[in-house]
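S.K.: for reference, the sequence and a predicted model appear below.
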Amino acid sequence: MSMSDPLGDLLTRIRNGQHARKTSIECPWAKLRENVCKVLQEEGYIRGYKVADMGGNRKTLVIDLKYEAGEGVIRKIQRVSKPGRRMYTKVADMPRFYNGLGVSIVSTPKGVLSDSAAREQNVGGEILCQVY
């Protein structure tokens, strides 16, 4: 069965994994999911991730969740641009999430970047999700 929103599935798995106090979670591999995990690791929201080969033509993404003082580092993670309604922004109009304390993950022509990196490189794109 095909999935209509693979990124939304990843975010839900992360949210549910932290709620259940899991140390790591697994999800099917996709290039976009791996790039989003890379940004989450660079911003300090997850400890790390790795791609595991499941044999044949299948891969899985293993994500190590991060906790501080027994609480999950990610307080809020939500999808912005959905399959039914895509949200694009110019670099000048890019919103700040939680007044700059949160991070928006943006898909740009230069790859998947955080909002601050997109401003640095002066590129806009599709706002995939927001993390706080």
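M.R.: Good, I have the coordinates.
S.K.: how much space between the most centrally placed residue in the chain and residue 92?
M.R.: The structure's the chain has its C-alpha centroid closest to residue 36; by CA atoms, centre = their mean the separation is 3.9 Å. Separation of residue 36 from residue 92 (CB to CB, to the nearest Å): 24 Å. Placement of C-beta: from N, CA and C, glycine included.
S.K.: now do residue 69
M.R.: 38 Å.
S.K.: quick one: the strands in this structure?
M.R.: Defined through DSSP state E, the strands belonging to the chain, from first to last, are 24-28, 46-55, 58-65, 67-68, 71-72, 77-79, 88-89, 103-108, 111-114, 125-131.
S.K.: would you turn these into TSV with distance to residue 12?
M.R.: Output for the strands of the chain, formatted as TSV (distance: least, CB to CB, whole Å):
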stretch	distance to residue 12
strand 24-28	10
strand 46-55	15
strand 58-65	13
strand 67-68	19
strand 71-72	14
strand 77-79	9
strand 88-89	23
strand 103-108	15
strand 111-114	19
strand 125-131	11
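S.K.: and stretch 25-38, how far from the chain's centre?
M.R.: 8 Å (CA atoms, centre = their mean, to the nearest Å).
S.K.: mind checking the end-to-end distance for that stretch?
M.R.: Stretch 25-38 has an end-to-end distance of 15 Å (criterion: CA to CA, to the nearest Å).
S.K.: now do the buried residues in that stretch.
M.R.: Buried positions in stretch 25-38, judged by neighbour count with 16 or more other CB atoms under 10 Å: 25, 27, 29-30, 33-38.
S.K.: swap in stretch 81-91?
M.R.: 81, 89, 91.
S.K.: and for the closest residue to residue 90 other than its chain neighbours, the neighbour number?
M.R.: In this structure, residue 90 finds its nearest non-sequential neighbour in residue 124, 4.3 Å apart by CB to CB, 6 or more residues apart in numbering. By the measure other CB atoms under 10 Å, the count of residues near residue 124 is 17.
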